[in-house]
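K.L.:
generate coordinates for the sequence data below:
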Amino acid sequence: MVLSQFYRPEPFLFAPAIAEDLAAQGFQVSVVTGYPNRPGGTIYSGYRQRLGFNEEIEGIEVHRAPLVINHSQKAVERIANFLTFSIGALTVSHKIRDADAVYVYATPATAGIPAQVWKLLFGIPYVLHVQDLWPESVTDSGMMGGGRISRAASAVMKPWLERLYGGAATLIAISPGMRQLLIDRGNSPDACDVVFNWADESTIAPKKSSSFSEDDVHLIYAGNLGPMQDLETVIQAAGYLDDEEGFNLIMAGGGILEDRLRDQAASLTKTSLVGRLPRSKVGELYLKSDFQLVTLKDLPIFRTTVPSKLQASLASGVPVITTVKGDVAQLIREHDAGLVAEPGDARSLAEAFRRALSMTAEERARMGRNARMLYEEHMSKRTGLDAIVSILDTAVRSRSEGSLRDRSVAHTEMKNY
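P.N.:
Residues are numbered from 1 along each chain as shown. Next up, the predicted model:
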């Protein structure tokens, strides 16, 4: 059984991919999820919240759980959204009591609460896919306002998080640094695995080595224009090269800082903000770019984060310029898949821009090939799905004799996996 607050038709990759891959392999799969409302924060046309509503998507039974719909930045409203999904998911407990295992797409972490209850009631093991590490993702994001309130929230969450993480058959971390943090917090190394997230490969065509620019350099930032992305530093760095012949920067996306960033870049002639684009158009931009920017503020939590735009760039065969310390910087350096600058340091980033501008087309192409190889070997969808199925198989083996694949071959019914 797949438990995720988000599912089709919402634009989320991982829970649908996992459910559909398991179904394609012959396993019986069901999904417990909320009513679709992201990214806009309003319920999708054709849906009406109610108890007991099921539908079929791509041949998979999907159980919808009612929830308070809100995508506000206000803590109380966000918490209401998170917790009401967990409560709503428990209303379908009778549908999953015979499940062999539960896969939890744990963003937010509160999505794991029903799995904790089902383990207690029915003995069903759960695998927790940790996308963002709590309590830091709450307390360091600004959602709680910082200071005494954040410290109090952290103190309340930590005992529950210890039980949530400690009760999982396996914790899937999205980076080596996150895995180490989970171990440092008392979880068994044997119960902690790393599976990198993958890109939306349906919208990506690898860039040809022959298509890198020779004299100019074309940089792209594609993603959220928010306070955590450190984009004011990016524009400041671009300003240092505004008189450099051949320098070009395009920033695609939207967010709460969009107007401020447009004002900051208004006097620049080599930097353009083009707004939100569909994924297919972003894919086209990758093919025209020589480097993709992957930037975040220098917060401890981000040192174990691998932003999704990294996978998208690597899958496209486009090298990156990054300011993200920790796992991202280490991956880029080890695989020679781009350039690394210091976070929050406009002059360091400008120096990386100048180095990119000075490189030959062949030097950029070599980094692009390294980027694509890094993705194929460690981050591809097939690599990730195979790893997750293996982890789920191990969780079932720990509960009873025989594996999921043994059961599938023997045509033994597998309930709501």
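
K.L.:
from here on, just use CA atoms for contacts and neighbour counts.
P.N.:
Noted.

K.L.:
from the rest of the structure, what touches stretch 180-200?
P.N.:
The contact list for stretch 180-200, computed with CA atoms under 8 Å, 6 or more residues apart in numbering, reads 13, 165-166, 169-176, 179, 308-309, 311-312, 315, 378-381, 384, 387-388.

K.L.:
in that stretch, what counts as buried?
P.N.:
By 16 or more other CA atoms under 10 Å, the buried positions in stretch 180-200 come out as 180, 182-183, 187, 191-200.

K.L.:
do a quick rundown of the strands in the stretch 301-417 of the chain.
P.N.:
For the stretch 301-417 of the chain, the strands defined by DSSP state E, counting those that start in this stretch cover 320-322, 338-340.

K.L.:
which residues of the stretch 151-300 of the chain fall in strands?
P.N.:
170-173, 192-194, 217-222, 247-252, 271-275, 291-294.

K.L.:
what pairs with the second one, parallel or antiparallel?
P.N.:
Looking back up the chat, that one is strand 192-194. strand 170-173 (parallel) (DSSP bridges).

K.L.:
ok, back up a step: pLDDT and distance to Lys281 added to the buried residues of stretch 180-200, as a markdown table?
P.N.:
Listed next are the buried residues of stretch 180-200 as a markdown table, based on pLDDT from 0 to 100; distance: CA to CA, whole Å:
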| residue | pLDDT | distance to Lys281 |
| --- | --- | --- |
| Gln180 | 97 | 37 |
| Leu182 | 97 | 37 |
| Ile183 | 97 | 40 |
| Asn187 | 97 | 42 |
| Ala191 | 97 | 40 |
| Cys192 | 98 | 37 |
| Asp193 | 98 | 34 |
| Val194 | 98 | 31 |
| Val195 | 98 | 28 |
| Phe196 | 98 | 24 |
| Asn197 | 98 | 21 |
| Trp198 | 97 | 19 |
| Ala199 | 95 | 15 |
| Asp200 | 92 | 13 |
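
K.L.:
which member of the residues you listed is positioned nearest Arg364?
P.N.:
Checking the buried residues of stretch 180-200 against Arg364 by CA to CA gives Ala199 as the nearest, at 21.4 Å.

K.L.:
roughly how far apart are that closest one and Lys309?
P.N.:
Separation of Ala199 from Lys309 (CA to CA, to the nearest Å): 8 Å.

K.L.:
equivalent analysis for Phe291, please.
P.N.:
12 Å.

K.L.:
kindly report the same for Leu90.
P.N.:
34 Å.

K.L.:
re earlier: need the max-distance pair from the buried residues of stretch 180-200.
P.N.:
Farthest apart among the buried residues of stretch 180-200 by CA to CA are Asn187 and Asp200. That separation is 31.0 Å.

K.L.:
so where is the stretch 251-400 of the chain shaky, pLDDT-wise?
P.N.:
Within the stretch 251-400 of the chain, the stretches with pLDDT under 70 are 400.

K.L.:
in it, which spans are helices?
P.N.:
For the stretch 251-400 of the chain, the helices defined by DSSP state H, counting those that start in this stretch occupy 258-265, 279-288, 308-315, 327-335, 346-358, 361-378, 381-399.

K.L.:
spell out for me which residue occupies the centre of this structure.
P.N.:
Central residue of the chain (CA atoms, centre = their mean): Ser308, 5.3 Å from the mean position.

K.L.:
ok, that residue - contacts?
P.N.:
Going by CA under 8 Å, 6+ apart, the list of residues near Ser308 reads 197-199.

K.L.:
stretch 104-112 - what's its average pLDDT?
P.N.:
Throughout stretch 104-112, pLDDT has a mean value of 96.

K.L.:
go on, stretch 148-160?
P.N.:
Rounded mean pLDDT across stretch 148-160 is 86.

K.L.:
for that stretch, which positions count as buried?
P.N.:
So for stretch 148-160, counting by 16+ other CA under 10 Å, buried means 150, 154.

K.L.:
how about stretch 384-397?
P.N.:
Of the residues in stretch 384-397, those buried (16+ other CA under 10 Å) are 384-385, 387-389, 391-396.

K.L.:
one more: stretch 64-82?
P.N.:
Neighbour-count burial for stretch 64-82, counted by 16+ other CA under 10 Å, picks out 64-70, 78-79, 81-82.
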